[in-house]
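K.L.:
Structure of the sequence below:
(2 chains)
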2 protein chains.
Amino acid sequence: MKRIEGGVTAPKGYKAAGVRAGIKPSATKKDMAIIVSDVPAVCAGTFTLNVVKAAPVFWDKMIVNEQETAQAILVNSGIANACTGQEGLDNCKKEAEKVSELFGIAPEKVLVASTGVIGAQLKMDVIEKGIEMLSTCVADTVEAADDAATAILTTDTRKKEIAVTCEIDGKTVTIGGMCKGAGMIHPNMGTMLAFVTTDAAVDKKTLQALLLEEVQDTFNMVSVDGDTSTNDSLLVLCNGLAGNAVLTKEMDGYETFKEALHEVLEYLAKAIAADGEGCTRLFEVICNGAASKEDARIISKSVVCSSLTKAAVFGKDANWGRILCAMGYSGVDFDPEKVDITLACENDSLDIVKDGIATDYSEEKATEILSCNPVQAILDIHAGDATATAWGCDLTYEYVTINADYRS
Amino acid sequence: MKRIEGGVTAPKGYKAAGVRAGIKPSATKKDMAIIVSDVPAVCAGTFTLNVVKAAPVFWDKMIVNEQETAQAILVNSGIANACTGQEGLDNCKKEAEKVSELFGIAPEKVLVASTGVIGAQLKMDVIEKGIEMLSTCVADTVEAADDAATAILTTDTRKKEIAVTCEIDGKTVTIGGMCKGAGMIHPNMGTMLAFVTTDAAVDKKTLQALLLEEVQDTFNMVSVDGDTSTNDSLLVLCNGLAGNAVLTKEMDGYETFKEALHEVLEYLAKAIAADGEGCTRLFEVICNGAASKEDARIISKSVVCSSLTKAAVFGKDANWGRILCAMGYSGVDFDPEKVDITLACENDSLDIVKDGIATDYSEEKATEILSCNPVQAILDIHAGDATATAWGCDLTYEYVTINADYRS
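P.N.:
This is a model prediction of the structure:
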């Protein structure tokens, strides 16, 4: 497997575009994107478990469940089309119909996604104009992928995209992906918005099962602020143009594809944490020595979600008591007197707790490590062999600024 | 039932004191307090469910479980005596022995509590000097109660105390209470530290059961930052000096006592939320129309804990989508299209969501209501008759400031 330049247009047979239709108040920010496959692509998706689901989530779940393939994903930022009732659902259909008309794709092959303010209706004249603009500039270039990755952002400070290739069945298979995050990020079965394209040929059931498995250790291990969005969606398209034999779990290339997909999803998930609203640093928490994978996930995620720990990371303060405290209220039973905690960054590490008690560590060195980006806390509870990693970020003044008046 | 002046010394037969022993770096802040009953008092307590429990929690649980009565509560602020191993436990015993020596109370009748930095050991010479100072100034006055209520504070901005009287069995019964909160506040079976004294005579089993019941709707419905502390303790002493017949659940005065105790616990719990670290406003979330009390509790607490909602309250931004979103990820199933949301303050209210969709409300009026303190969000999910209230506060720059470098 190797990383290559580009994003969702890197695999064979995908075009993309990103334009400014005028949904966002900003006069310069792009706010609509599209991904189109030249041929129908096997599709899979995971979606928010929030009881309150946005209209596009209902639309996409229907397509993913009922259709073998899809061929386009239309995305807008600025308005989430959540809590919009029947009108919101009708607007999803209208979006799909407009894409159908201009791109020659059946409406039931058009996935849609939205992100932004909850409660507002999409202005359909603006959206339809945007779809027209997209239809005039879709391309299979790196630039087109960049434009799409930029157009889906809200409070994100940078675009998040990746492409990797691997060899399966003697063919070069490429996977591309893009996502957006920033706030209301605590995914439960997906994330705010993430889109993955590949030219691999993959069996639909295999793809959906693989996605559900992979999301547990990638997007579901990320938290920016503990708020699970109404719009979380992760969509994958596999158009098969790489020419490999259709993959199922028993086949030789399956593990290679799984690894490559994992690389893409983990990269995108980490990119969301690293660009959390207002954050200055990616905070990675690794729990080792757990009795089960689930215990390791729960403990690492509890630490990454703790407001007090996040504020201490911002302040470069080795306040390990908060880490141990967050482990303690996670719901997992463990022996506090067997806990070790190490702070680490790329080139250095420092044991700060051994057997539940502070070591005689240097505060100065702890502050030095806590100044790195990314910074890691490595926990060992000595209860077994399971391990898991969670990703989050620090809690800063800027998070409050962004969210005290997001709508204006 | 009526409110009266004072705190823990208001009931008959209680003395208190608060002094500066020198645990906190501050040259002026009081940091040790004691409550003493003239006679042994039936005791009950609830404690943190965090797997990581501070040494005083172990000590107090032992006393509450094994002893019918206790006679003193010694409290220090500045150091939490948590994650301190055997030395921490030994220090609890030493504290009790010193109180025993100076106050003539058996060590196993001395409850202890600590709050402050996790991981540091108590300096026993400072603590013992503090106990000596306390022994020279305990008194049954309002001022002595105030001193004690002040000495237990950490990042709190004001003391929290209350006293109420009621009539039971022809006798005047008084209940007094004090507590501290501010950060690491998300109680699970108690709160950071709360102490209640009463001269009522109450059966021990009755008292413990009543406390466990009452804490569900009071302290356990408060959250400042979602972090459940290692030290949460709520202790109640009943010395019986009011002269009423010993209360059990079947007796006439039980409901009166329960109401009065509820008043005290709810007041203290709300006071903690209203003085949450860095907060500018008490945020009260009432969930009506739930299928069960538990559902109502979970939904209201989910909203009060949402970082995004808390930041919106700080910004006086009627971002109701965040409220509905937090209801949606609470884990309770409900129909989003039947949700009503009303914002309210003491003299005004505004319906902002009806049947899951925004009403045509005035943003200006919403901002006006959101500027009040306290401010309420009243939710109705139209699924039944159960109701619950949760208390929290807004998320501010100041919270980040306080917690980015708490230890220095």
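
K.L.:
Could you pull out the buried residues of the lengthiest helix in chain A?
P.N.:
Identified as the longest helix of chain A according to DSSP state H is helix A:254-274. By 16 or more other Cβ atoms under 10 Å in any protein chain shown, the buried positions in helix A:254-274 come out as A:254, A:256-258, A:260-274. (Glycine included, C-beta is placed from N, CA and C.)

K.L.:
Return only those of these found close to chain B.
P.N.:
Counting by Cβ under 8 Å from any Cβ of the partner chain, nothing from the buried residues of helix A:254-274 sits close to chain B.

K.L.:
Please name the residues that touch residue A:257.
P.N.:
By Cβ atoms under 8 Å, 6 or more residues apart in numbering or on different chains, residue A:257 lies in contact with A:166, A:168, A:173, A:200, A:202, A:210, A:247.

K.L.:
got a list of what the second one touches?
P.N.:
Residues touching residue A:168, when contacts are defined by Cβ under 8 Å, 6+ apart, comprise A:200, A:242, A:244, A:247, A:252, A:253, A:256, A:257.

K.L.:
wait, what's in contact with residue A:214?
P.N.:
Contacts of residue A:214 (Cβ under 8 Å, 6+ apart): A:258, A:261, A:262, A:265.

K.L.:
Is it correct that the second one is in contact with residue A:196?
P.N.:
Spelled out, that is residue A:261. Yes. Proximity of residue A:261 to residue A:196 meets the contact threshold set by Cβ atoms under 8 Å, at 7.3 Å.

K.L.:
Next one: the closest residue to chain B within the stretch 1-150 of chain A, what pLDDT does it get?
P.N.:
Nearest residue of the stretch 1-150 of chain A to chain B: residue A:118, at 2.5 Å (Cβ to the nearest Cβ). Reported pLDDT at residue A:118 in the predicted model: 81.

K.L.:
Burial check on the closest residue to chain B within the stretch 251-400 of chain A, number of neighbours?
P.N.:
At 2.5 Å from chain B, residue A:321 is the closest residue in the stretch 251-400 of chain A, using Cβ to the nearest Cβ. When neighbours are counted by other Cβ atoms under 10 Å in any protein chain shown, residue A:321 registers 27.

K.L.:
go on, the one 3 residues further on?
P.N.:
By other Cβ under 10 Å, the residues close to residue A:324 number 26.

K.L.:
quick one: contacts of the strand or helix carrying it?
P.N.:
Counting by DSSP states H and E, the element that carries residue A:324 is helix A:320-328. For helix A:320-328, the external contacting residues (Cβ under 8 Å, 6+ apart) are A:299, A:302-303, A:305-306, A:308-309, A:312, A:334, A:336, A:339, A:341, A:352-353, A:356, A:358, A:377, A:379, A:381, B:50-53, B:80, B:82-83, B:117-119, B:184, B:227-230.

K.L.:
do the host helix or strand of residue A:294 and chain B meet?
P.N.:
Using DSSP H and E, the element containing residue A:294 is helix A:293-305. Yes. Helix A:293-305 reaches chain B (Cβ under 8 Å from any Cβ) through residue A:305.

K.L.:
returning to that earlier point: need the overlap of contacts for residue A:261 and residue A:196.
P.N.:
With Cβ under 8 Å, 6+ apart as the test, residue A:261 and residue A:196 both reach A:175, A:236.

K.L.:
Pull out the buried positions in stretch A:127-141.
P.N.:
Within stretch A:127-141, the residues scored as buried using 16+ other Cβ under 10 Å are A:127, A:128, A:129, A:130, A:131, A:133, A:134, A:135, A:138, A:140.

K.L.:
same question, stretch A:351-362
P.N.:
For stretch A:351-362, by 16+ other Cβ under 10 Å, it's A:352, A:353, A:354, A:356, A:357, A:358, A:361.

K.L.:
so where's the stretch 201-350 of chain A uncertain?
P.N.:
Applying pLDDT under 70 to the stretch 201-350 of chain A flags residues A:223-229.

K.L.:
What residues does it have near chain B?
P.N.:
A:225-230, A:305-308, A:311-312, A:314-315, A:317, A:319-322, A:324-330, A:332-334, A:336-337.

K.L.:
Among these, name the buried ones.
P.N.:
A:225-230, A:305-308, A:311-312, A:314-315, A:317, A:319-322, A:324-330, A:332, A:334, A:336.

K.L.:
SS state for the residue sitting furthest away from the middle of chain A?
P.N.:
Distance from the C-alpha centroid of chain A, by Cα atoms, centre = their mean, peaks at residue A:360 (38.9 Å). Three-state assignment for residue A:360 (DSSP: H, G, I helix; E, B strand; the rest coil): coil.

K.L.:
check contacts around it.
P.N.:
Residue A:360 touches nothing, counting by Cβ under 8 Å, 6+ apart.

K.L.:
and it, what are its phi and psi?
P.N.:
phi -90, psi 60 (degrees, to the nearest 10).

K.L.:
Likewise for residue A:3?
P.N.:
phi -80, psi 140.

K.L.:
Please report the number of neighbouring residues for it.
P.N.:
With other Cβ under 10 Å as criterion, residue A:3 counts 12.

K.L.:
excluding its backbone neighbours, what's nearest it?
P.N.:
In this structure, residue A:3 finds its nearest non-sequential neighbour in residue A:164, 5.5 Å apart by Cβ to Cβ, 6 or more residues apart in numbering or on different chains.

K.L.:
Run a quick neighbour tally on that neighbour.
P.N.:
Residue A:164 - counted by other Cβ under 10 Å - has 22 other residues nearby.

K.L.:
repeat for residue A:125
P.N.:
10.

K.L.:
what number of residues lie near residue A:205?
P.N.:
12.

K.L.:
State the distance from it to residue B:132.
P.N.:
Distance, residue A:205 to residue B:132, by Cβ to Cβ, to the nearest Å: 75 Å.

K.L.:
can the contacts of residue A:168 go into JSON lines with extra columns for distance to residue A:96?
P.N.:
Shown next, in JSON lines, are those (distance: Cβ to Cβ, whole Å):
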{"residue": "A:200", "distance to residue A:96": "25"}
{"residue": "A:242", "distance to residue A:96": "27"}
{"residue": "A:244", "distance to residue A:96": "30"}
{"residue": "A:247", "distance to residue A:96": "28"}
{"residue": "A:252", "distance to residue A:96": "37"}
{"residue": "A:253", "distance to residue A:96": "33"}
{"residue": "A:256", "distance to residue A:96": "34"}
{"residue": "A:257", "distance to residue A:96": "29"}
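
K.L.:
From these, list the buried ones, please.
P.N.:
A:200, A:242, A:244, A:247, A:253, A:256, A:257.

K.L.:
For the third one, which non-adjacent residue is spatially closest?
P.N.:
Nearest in space to residue A:244, with sequence neighbours left out and distances taken as Cβ to Cβ, 6+ apart, is residue A:169 at 3.8 Å.

K.L.:
In this structure that neighbour contacts residue A:252, no?
P.N.:
Yes. Between residue A:169 and residue A:252 a contact is recorded at 7.3 Å, counting by Cβ under 8 Å.

K.L.:
on that earlier part again, distance of the residue of the stretch 251-400 of chain A closest to chain B from residue B:117?
P.N.:
7 Å.

K.L.:
May I see the buried residues of stretch A:52-59?
P.N.:
For stretch A:52-59, using 16+ other Cβ under 10 Å, the buried residues are A:52, A:53, A:54, A:55, A:56, A:57, A:59.

K.L.:
where are the low-confidence patches of the stretch 1-150 of chain A?
P.N.:
In the stretch 1-150 of chain A (pLDDT under 70), no residue qualifies.

K.L.:
Contacts for the helix holding residue A:294 next, please.
P.N.:
By Cβ under 8 Å, 6+ apart, helix A:293-305 touches A:186, A:216-217, A:221, A:223, A:226, A:283, A:285-288, A:290, A:309-310, A:323, A:326-327, A:329-332, A:334, A:377, A:379, A:381, A:383-384, A:386-392, B:226.

K.L.:
Can you tell me which of these end up in helices?
P.N.:
Those of these lying in helices (DSSP H): A:216, A:217, A:309, A:310, A:323, A:326, A:327.
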